[in-house]
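K.L.:
I'd like to go over a predicted model; first the sequence, then the structure.
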Amino acid sequence: MGLRERKKEKTRLAILDAALDLFLEQGYDSTTVEQIAGSVEISPRTFFRYFAGKDHLALWFHDQGEEIMLDTLRARPADEPAFTSLMHALRAVLSDMQDSTPEDTARFLKLRRLLDGHPHLVGLSVARGADTERRLAAEIAARRGVDVDTDRFSHLVVAFAMSTMRIGFECPKPAVEDVREIAGRLEETILLAQSLLRPDLHD
């Protein structure tokens with residue numbers, strides 16, 4: 001990452017951290033984009049260069065996970081079974097979680113508190129996850145040379161993989177103090193999924 005990219009990432013995280021603190025201190029609905037921008041001494045116009053709005057801030061982790069999974073899929077061998085490639089994509093997310101810093105953990109815990117207190121954000125999170133599934137299905141269909149709009153297999157194998165991630169994150173749901181705890185549960189769930197489904201699942 002070059003100097004320009006590092007500066008942009010630093011600003012992005014500063015906006016995110018300020019927003020999370022404001023959301024939890026004074027309420028999600030009561031917090032405005034102008035307040036968030038002012039707390040990090042930028043203009044609202046600059047804010048919108050980084051985030052599409054408040055909801056985007058609350059769901060930022062979807063962008064990161066989707067990017068990791070798509071990049072991993074595109075780097076896998078073209079003839080690799082779809083389910084195997086998707087498991088590698090999940091493990092790439094797992095690896096990213098295992099490399100989490102204390103600051104990453106703090107953001108994750110704040111986001112969980114925010115979602116727990118705002119059911120409408122949970123609904124938006126589910127909808128954003130569905131967007132990711134559609135993009136993953138399109139990637140799988142392209143690898144297999146089929147039409148994503150008519151090929152059920154591509155959608156079904158992605159649904160299997162993403163269900164693995166959802167269960168790893170959510171079931172069971174005890175108090176979590178470190179992202180690495182979630183990573184451990186995700187690792188166990190990936191292994192369980194691989195033991196239940198054929199690893200060579202192709203078509």
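P.N.:
Perfect, I can see it now. Residues are numbered from 1 along each chain as shown.

K.L.:
what's the helix or strand for the residue nearest the centre of the chain?
P.N.:
For the chain, the residue nearest the mean C-alpha position is His62 (2.9 Å; C-alpha atoms, centre = their mean). When elements are assigned from DSSP states H and E, His62 belongs to helix 60-75.

K.L.:
what does that helix contact?
P.N.:
16, 51, 85-86, 88-90, 92-93, 96, 108, 111, 125, 128-129, 131-132, 135-136, 139-140, 143 (C-beta atoms under 8 Å, 6 or more residues apart in numbering). To be clear about C-beta, it is placed using only N, CA and C from the backbone, and glycine gets the same treatment.

K.L.:
now the buried members of those.
P.N.:
Among those, those classed as buried by neighbour count (16 or more other C-beta atoms under 10 Å) are 16, 51, 85-86, 89-90, 92-93, 96, 108, 111, 125, 128-129, 132, 136, 139-140, 143.

K.L.:
quick one: residues contacting the residue nearest to Gln194 when sequence neighbours are not counted.
P.N.:
Setting aside the residues directly before and after it, Gln194 is nearest to Met87 in space (C-beta to C-beta, 6 or more residues apart in numbering), at 6.3 Å. Met87 makes contact with Ala161, Ile190, Ala193, Gln194, Pro199 under the criterion C-beta under 8 Å, 6+ apart.

K.L.:
and if we set it to 7 Å?
P.N.:
Taking C-beta atoms under 7 Å, 6 or more residues apart in numbering, we find Met87 in contact with Ala161, Ile190, Gln194.

K.L.:
so the residue of the chain most remote from its centre: helix, strand or coil?
P.N.:
Relative to the centre of the chain, the most outlying C-alpha is that of Glu41, 27.7 Å out, by C-alpha atoms, centre = their mean. Counting by DSSP: H, G, I helix; E, B strand; the rest coil, the backbone at Glu41 sits in coil.

K.L.:
circling back: now do the residue nearest to the centre of the chain, the pLDDT please.
P.N.:
His62 carries a pLDDT value of 89.

K.L.:
tell me how far the worst-scoring helix or strand of the chain on mean pLDDT lies from the chain's centre.
P.N.:
The weakest-scoring helix or strand in the chain, judged by mean pLDDT, DSSP states H and E, is helix 179-196 (a mean of 82). Helix 179-196 sits 16 Å away from the centroid of its parent chain (C-alpha atoms, centre = their mean, to the nearest Å).

K.L.:
same thing with stretch 10-23?
P.N.:
Its chain's C-alpha centre and that of stretch 10-23 lie 17 Å apart, by C-alpha atoms, centre = their mean.

K.L.:
gap between the residue nearest to Gln194 and Leu192?
P.N.:
12 Å (C-beta to C-beta, to the nearest Å).

K.L.:
flag every buried residue along stretch 147-158.
P.N.:
For stretch 147-158, burial by neighbour count (16+ other C-beta under 10 Å) applies to Val148, Asp151, Phe153, Ser154, His155, Val157, Val158.

K.L.:
got it, and stretch 51-63?
P.N.:
Neighbour count says stretch 51-63 has Phe51, Lys54, His56, Leu57, Ala58, Leu59, Trp60, His62 buried, by 16+ other C-beta under 10 Å.
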